[in-house]
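[1] Here's a sequence, model it:
(2 chains)
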Amino acid sequence: MVTAYQAAAAVVDPELRVVTVEELGILRDVDIDPTGHVTVTITPTYSGCPAMDVIRADVTKAVQAAGYPDVSVRTVLTPAWTTDAITEAGREKLRAAGIAPPGPAVRLTLTIRCPRCGSPDTEELSHFGATACKALWRCRACAEPFEHVKAL
Amino acid sequence: MTSVDHLLALADDALVAAQRLAEWCTNAHEMEEDVALANIALDQLGVARLLLTYAGELEGEARDEDALAYLRDDREYRNCLLVELPNGDFAVTVAKLLFLSAYQRPLYEKLAAGDDERLAGIAAKAVKESAYHLDHSALWTVRLGDGTAESHRRMQAAVDEVWPYTHELFEGPHADLREGWLSTVDGVLGSATLARPADGWAPTGGREGRHTEELSYLLGEMQVLHRAHPGARW
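    Modelled structure (predicted):
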C-alpha cells in the first residue's frame, strides 16, 4: 500500500518534469489527522511560480488515488525555499535531462559545467530562462545552449 | 502593527510594476530580454498576490486578491508614482527598474527581520528575487551608460527624467533606506559613467491615491476583463 506521503512525494513537477516535488525540495510535510484528513504542505520556489496551482491539483489527485479522499494542500513561505533543498538524486536527474543543477546558494563563482559534454568552458546568455527558476547558458566547447537552475 | 495601507503600498508597487514590465513581452529588442522582463514581472506579481491576500484578510471586509486588484479605482491605489510612469524607451524602463529594485531589496530585507511574521515570510522570499532584478537593471544601466555616445545620451536622459519620482519612495516609514539606496545607485551610475541628477522637484501623492493619469489607463487595461465578466476565471 502506498502511504499518503509516498503518493504526494511521487508527484512530478509540472515545469521540471524530470524531478518530483520531493526531489525539488518543495514538499514540506504530509500529515494525517485521526479523522483521516490529509494535509499536504508545500512551498513555492519563486513567489510568482505559475506552477503552484497545477502542483496543488496534482498532489490532491495523487493522494486521493492512493485511498485518501479527504485532502487539503497548504502553502507555506517560511523558511523560504532555496535551491540547496534540491536532493542529490534530483540534481542527478536534472543533469541527465540536460539541465545544469544549481551550485550552493551562497554565491561562489563556480563554473557551471555543460550538462551535455561536461566542459567547464561555458557562458551565461541570460539570467532569465523559460521558467522563473532557470537561466540560459551556452557551452563554448560543444556549442550547445542549455538551461541552468540558478542558485536561490 | 502592520496597517492595511502599508500592505497596499507594498502590494500596489509590485502589482503596477508587474503590469508595466509585462507590456514589454513580445516587444523587447531581443528574445532574452523579453523573457527576462516577463520573469521579473512574474516575480513582482507573485509578491503582489501574497501581499494583497494578506491585506484583504487584515482589512476583514471579505475582499480577496482579485477584488483588491480588479475592483479598486485609481484613487484607492497606494503605489508610488515611479512604477506607473510609462515604459518610455528601453532606457527609461531600465532606470525605473534600477531605482525600484535598489529600493525593494533593502526594504524586503528590513521587513524580513520585522515583527510581523507573515509579512516577514513574504519579504524573505521576495528579497532573493529582487537581488536578481537589481543585478539585471544594473548590468543594463552600465551597458547603456558606458556604451555608445547615443546609448549614453539616452540612459542619462532616462535617469534625469525618472529621478524626481524616486523621492516618494522614502516618504513615510522607509526614509531610513535612502542612504543605502543612494550608495547602491551611485555605485551603478558611476560604473555607467552617468551623472546623478540634482535633487529638486519631488512629485508625490501616490500613497494617498493621487496619481498621474497614466495609472488610469493602466488600470483600464488590467481590469477590463474582470469588470466586464465579474468572477471570470481561467
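
[2] What sits closest to B:G145 if chain neighbours are left out?
    Spatially, and ignoring its direct neighbours in sequence, B:G145 is nearest to B:A192 (2.8 Å; CB to CB, 6 or more residues apart in numbering or on different chains). No exception for glycine: its C-beta is placed from N, CA and C like everyone else's.

[3] Correction: the previous question concerned B:D13.
    With CB to CB, 6+ apart as the measure, B:N79 is the residue that lies nearest to B:D13, at 4.9 Å, once sequence neighbours are left out.

[4] give me phi/psi at the residue of chain A found nearest chain B?
    For chain A, the residue positioned closest to chain B under CB to the nearest CB is A:G48, at a distance of 2.5 Å. Note on A:G48: its backbone torsions stand at phi -100, psi 20 [degrees, to the nearest 10].

[5] Number of residues surrounding it?
    A:G48 has 24 neighbouring residues, counting by other CB atoms under 10 Å in any protein chain shown.

[6] follow-up on the earlier one: compute the number of surrounding residues for the residue nearest to B:G145.
    Neighbour number of B:A192 under other CB under 10 Å is 23.

[7] was I right about it contacting B:S151?
    No. Using CB atoms under 8 Å, B:A192 is not in contact with B:S151; the gap is 10.0 Å.

[8] measure B:Y165 to chain A for me?
    From B:Y165 across to chain A, the span is 25 Å (CB to the nearest CB, to the nearest Å).

[9] doesn't B:W201 make contact with that residue?
    No. The pair B:Y165 / B:W201 is not scored as a contact, 9.5 Å apart, by CB under 8 Å.

[10] Show me which of those two is the more surrounded one.
    Just comparing B:Y165 and B:W201: by other CB under 10 Å the higher neighbour count belongs to B:Y165, 23 against 8.

[11] about what we covered before: now the common contact residues for B:A192 and B:S151.
    For the pair B:A192 and B:S151, residues contacting each of them under the criterion CB atoms under 8 Å, 6 or more residues apart in numbering or on different chains are B:144-145.

[12] show me the contacts for the spatially closest residue to the residue of chain A closest to chain B that is not a sequence neighbour.
    Taking CB to CB, 6+ apart, and ignoring the residues beside it in sequence, A:G48 has B:G46 as its nearest neighbour in space, at 2.5 Å. When the contact criterion is CB under 8 Å, 6+ apart, the partners of B:G46 are A:44, A:46-49.

[13] For B:D12, grab the count of nearby residues.
    Counted with other CB under 10 Å, B:D12 comes out at 28.

[14] quick one: B:E213 and chain A, what's the gap?
    For B:E213, the distance to chain A under the criterion CB to the nearest CB works out to 28 Å.

[15] And for that residue, the neighbour number?
    9.

[16] what's the answer for A:R113, then?
    Here the number of neighbours of A:R113 (other CB under 10 Å) works out to 20.

[17] re the thing from before, any idea how far the residue nearest to B:G145 is from B:M155?
    Using CB to CB, to the nearest Å, we find B:A192 at a distance of 7 Å from B:M155.

[18] can you list residues touching both of those two?
    B:141, B:144-145.

[19] Return the member of those residues nearest to chain A.
    Distance to chain A, by CB to the nearest CB, is smallest for B:T141 among the shared contacts of B:A192 and B:M155, at 14.6 Å.

[20] shouldn't that closest one be in contact with B:T93?
    No. With contact defined as CB under 8 Å, B:T141 and B:T93 do not form a contacting pair (11.0 Å).

[21] thought the residue nearest to B:D13 was touching B:V16?
    Yes. The pair B:N79 and B:V16 passes the contact test of CB under 8 Å, sitting 4.6 Å apart.

[22] Can you tell me the element the residue of chain B found nearest chain A falls in?
    Of all residues in chain B, B:G46 sits closest to chain A, with a separation of 2.5 Å (CB to the nearest CB). B:G46 is part of helix B:31-59 when elements are defined by DSSP states H and E.

[23] For the residue nearest to B:D13, which residues are in contact?
    Residues in contact with B:N79, defined by CB under 8 Å, 6+ apart, are B:9, B:12-13, B:15-16, B:206, B:211, B:215.

[24] confidence score at A:R107?
    The predicted local confidence for A:R107 comes out at a pLDDT of 58.

[25] What of B:F170?
    pLDDT, the model's per-residue confidence, is 97 for B:F170.

[26] Could you list which residues are in contact with it?
    Each residue near B:F170 by CB under 8 Å, 6+ apart is listed here: B:103, B:177-178, B:181.

[27] again with A:A97
    Each residue near A:A97 by CB under 8 Å, 6+ apart is listed here: A:18, A:115.

[28] That one and A:K150, how far apart?
    Relative to A:K150, A:A97 is positioned 16 Å away (criterion: CB to CB).

[29] Kindly report the same for A:G118.
    For A:G118, the distance to A:K150 equals 20 Å [CB to CB].

[30] So for those two, which sits in the more crowded spot?
    Under the criterion of other CB under 10 Å, the comparison of A:G118 against A:K150 puts A:K150 first, with 22 against 11.
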